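In: Got a predicted structure plus its sequence, pasted below:
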Amino acid sequence: MCKQTGLSALADDSGIEVAGLGGFPGPHSARWLGPDATDRDRLLGLLQRVARETPDDRRARYVAAVALARPGEQIRVATGTCSGVLVDPPRGDRGFGYDPAFLSDELGGLTFGEADDALKDTVSHRARALRTLLDAISGARSPS
């Protein structure tokens, strides 16, 4: 997009990786059940798969990658993670996707589905990736 428009472009992608499933679904988190599956379908499908294949290993992490392309500069990429465990049954109706089943290691017993946006943003994988990117950009522009 940057080459076509001559403007800066920011892109991101994220997913959930379940340790007991070898990192599945990872980058396929939004698509692994097909194009017609809802967030709820994917959430319940993942919980069923974990229960069936690896009930004792529910460790998971959200992973986000952000990329910034600016005219005349190298593309910058940063990642961020947030670790936790999948809980069943899901709890909370905030957020989306796997949030009601993702019990963060850092939110004092709350799932992402229970935490308000301000609290979730303090540990969010996307927020961490964006902060890392911002730090890299700021450092690149700082005088030596």
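Out: Right, received. Where do you want to start?

In: Enumerate every residue touching the closest residue to Ala51 other than its chain neighbours.
Out: Distances taken as C-beta to C-beta, 6 or more residues apart in numbering place Asp88 nearest to Ala51, at 6.9 Å, with adjacent residues excluded. All C-beta spots, glycine's among them, are computed from the backbone N, C-alpha and C. With contacts defined as C-beta atoms under 8 Å, 6 or more residues apart in numbering, Asp88 is in contact with Leu47, Val50, Ala51, Ala101.

In: Ok, Pro90 next?
Out: Pro90 makes contact with Leu43, Leu47, Pro100, Ala101, Thr111, Gly113, according to C-beta under 8 Å, 6+ apart.

In: Does the fourth one touch Glu114 like I think?
Out: No - with contact defined as C-beta atoms under 8 Å, Ala101 does not count as touching Glu114 (10.9 Å).

In: From Lys3, how far off is the residue nearest to Ala51?
Out: Counting by C-beta to C-beta, to the nearest Å, the gap from Asp88 to Lys3 is 45 Å.

In: picking that back up, among the contacts of Asp88, find the one with the greatest number of neighbours, please.
Out: The most crowded member of the contacts of Asp88, judged by other C-beta atoms under 10 Å, is Ala101 (26 neighbours).

In: Could you pull out the strands in the protein for me?
Out: For the chain, the strands defined by DSSP state E occupy 9-18, 25-26, 59-69, 76-86, 102-104.
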